[in-house]
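Undergrad: Any chance you can model this:
(one chain, ligands or ions: 2)
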Amino acid sequence: MRTQVGIVGAGPAGLLLSHLLHRCGISSVVLEARSRRYVEERIRAGVLEQGTVDLLNEAGVGARMQREGLVHHGIELRFSGRNHRIDFADLTGHGVTVYGQHEVVKDLIAQRLADGGDIRFEAEEVSVQDVETARPRIRFRHAGRSQELDCDFIAGCDGFHGICRPSIPAGQLTTYDRVYPFAWLGILAQAAPSQDELIYANHPDGFALYSMRSPEITRLYLQCRPDEDPADWSDDRIWSALHARLGDGADGWRLNEGPILQKSVTPMRSFVTEPMRHGRMFLAGDAAHIVPPTGAKGMNLAVADIRVLAAALDGFYRRGDEAGLDGYSATCLRRIWRMQRFSWWMTSMLHRFDDKGDFDQRVQLAELEYVTSSRAASESLAENYVGLMRR
Ligand code: APR
Ligand code: PHB
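TA: Numbering: from 1, shown residues only. Ligands and ions are numbered 1, 2, ... in the order given. Coordinates of the predicted model:
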């Protein structure tokens, strides 16, 4: 088998790359370890920056997002029994769109298949070969047969636990890592959202986040231990923790309850690999970097990488110009580090840190006071959250 760009992973990064390349007349094959159903039902985050929304619209895959996505013009911060709104529209003139990552994945898969795209789900034993040469290859097993895909380039879009990054020889990459001493218990509930905007709560018992997916589905998170077993969280325990941390009762607000459809624990880490290229293999999305979800940046960063990579590959095929490919890593890393800083800062401001003392806790509350009382500080949060920044 032969293609121009071999793509490992059918998450948002791999699928969007395949779609954008198709629009430039560049062929690709996507190899995905999981089934179509699994990737379409995997519940992940769901906040899209305007730049992400614009790219999906321009690429012709935004129609359902336009219909079903919920546009938000602000968020609320709750702490010390108080409630503050950060008004994105007033501070930045922009908002964000709440639309689940798996919905983006469904839309991209449908479009690729409608365009005759080649996605091999349930590919096994995927490995990359000869990436330092002009003829890299991907070996894999599919439908019981061992196969080899010859490519000009490989895109490692296989997430944090994929095989592309670990296939790069030790010493070629530098990694920067921070593991936080807590995780998020994520809950999907069949309950109408109790209000229109997200709530980020800093509470003495730990962080909580109120979000949503649709007019019928609420998405909620609770800070928990990293080794927490979701089975230890009965529905009653979850609801009482959510009511306590989200501050029910304050100004008459009350969290709506409903059957819990799904529970899972997500560890929290910050991680960056540099550079995002080795020979003819390019890493994109979670394969190269992870942010804690507090800033809602994971999918937006993956999309931003792909925008740069697709343009660089187009420049190469159209004009034989390698400048975009050579600049790929540095271009992406500028944005990635700024968003790492923002995600780390939001995480530090909002969580309970058991390993820190009273002094740090007072500084954390002072930070929240500052962010909610100074226009300059609110604006800083808002411009990062909506993703308004120059490269
Ligand atoms: N072979 C083939 N596919 C693989 C392999 C492998 N060895 N290992 C992993 N994959 C697949 C995974 O099953 C997954 O579908 O690669 C895909 C990677 O997708 P994502 O994890 O969604 O990563 P990415 O596309 O970079 O999107 C980043 O995902 O985790 C969130 O917060 C993150 O929103 C961000 C987004
Ligand atoms: C979500 O809706 O899943 C969500 C929203 C905001 C975040 C993280 C996750 O910061």
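
Undergrad: The residue lying closest to residue 117 once chain neighbours are set aside sits in which helix or strand?
TA: Excluding its sequence neighbours, the residue lying closest to residue 117 (Cβ to Cβ, 6 or more residues apart in numbering) is residue 18, at 5.9 Å. For glycine as for every other residue, the C-beta is placed from the backbone atoms N, C-alpha and C. Taking DSSP states H and E as the criterion, residue 18 maps to helix 12-23.

Undergrad: List the buried residues for the helix or strand following that helix?
TA: Counting by DSSP H and E, the next helix or strand C-terminal to helix 12-23 is strand 28-31. For strand 28-31, burial by neighbour count (16 or more other Cβ atoms under 10 Å) applies to 28, 29, 30, 31.

Undergrad: For strand 28-31, what is the distance to the chain centroid?
TA: Distance of strand 28-31 from the chain centroid (Cα atoms, centre = their mean, to the nearest Å) equals 21 Å.

Undergrad: Export the helix or strand following it to CSV, keeping only CA atoms.
TA: Proceeding N to C from strand 28-31, the next assigned helix or strand is helix 36-41, under DSSP H and E. What follows is helix 36-41, C-alpha atoms only, in CSV (Å, rounded to 0.1, in the frame of the first residue of the first chain):
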residue,chain,number,x,y,z
ARG,A,36,-15.3,3.3,15.1
ARG,A,37,-18.0,3.0,17.8
TYR,A,38,-15.4,3.3,20.6
VAL,A,39,-13.9,6.5,19.2
GLU,A,40,-17.3,8.0,18.5
GLU,A,41,-18.6,7.3,22.0
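
Undergrad: How about the helix holding residue 18 and ligand 1, touching?
TA: Yes: for helix 12-23, a contact with ligand 1 is found by Cβ under 6 Å from any ligand atom, at 12, 13, 14.

Undergrad: Distance check, the closest residue to ligand 2 within the stretch 251-391 of the chain against residue 65.
TA: Going by Cβ to the nearest ligand atom, ligand 2 is nearest to residue 296 of the stretch 251-391 of the chain, at 3.5 Å. From residue 296 over to residue 65 the distance is 16 Å, taken as Cβ to Cβ, to the nearest Å.

Undergrad: Then residue 169?
TA: From residue 169 to residue 65 the distance is 40 Å (Cβ to Cβ).

Undergrad: could the buried residues of strand 28-31 go into JSON lines alongside pLDDT and distance to residue 219?
TA: Shown next, in JSON lines, are the buried residues of strand 28-31 (pLDDT from 0 to 100; distance: Cβ to Cβ, whole Å):
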{"residue": "28", "pLDDT": "98", "distance to residue 219": "32"}
{"residue": "29", "pLDDT": "98", "distance to residue 219": "33"}
{"residue": "30", "pLDDT": "98", "distance to residue 219": "28"}
{"residue": "31", "pLDDT": "98", "distance to residue 219": "30"}
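
Undergrad: now, which of those residues sits nearest ligand 1?
TA: Minimum distance to ligand 1 across the buried residues of strand 28-31 is 5.2 Å, recorded for residue 31 (Cβ to the nearest ligand atom).

Undergrad: thinking again about what came up before, tell me if I'm right that the residue nearest to residue 117 and residue 6 touch.
TA: No: applying Cβ atoms under 8 Å as the test, residue 18 and residue 6 come out as separate, 10.3 Å apart.

Undergrad: Next, show the common contact partners of these two.
TA: residue 28 (Cβ atoms under 8 Å, 6 or more residues apart in numbering).

Undergrad: Thank you kindly, that will do.
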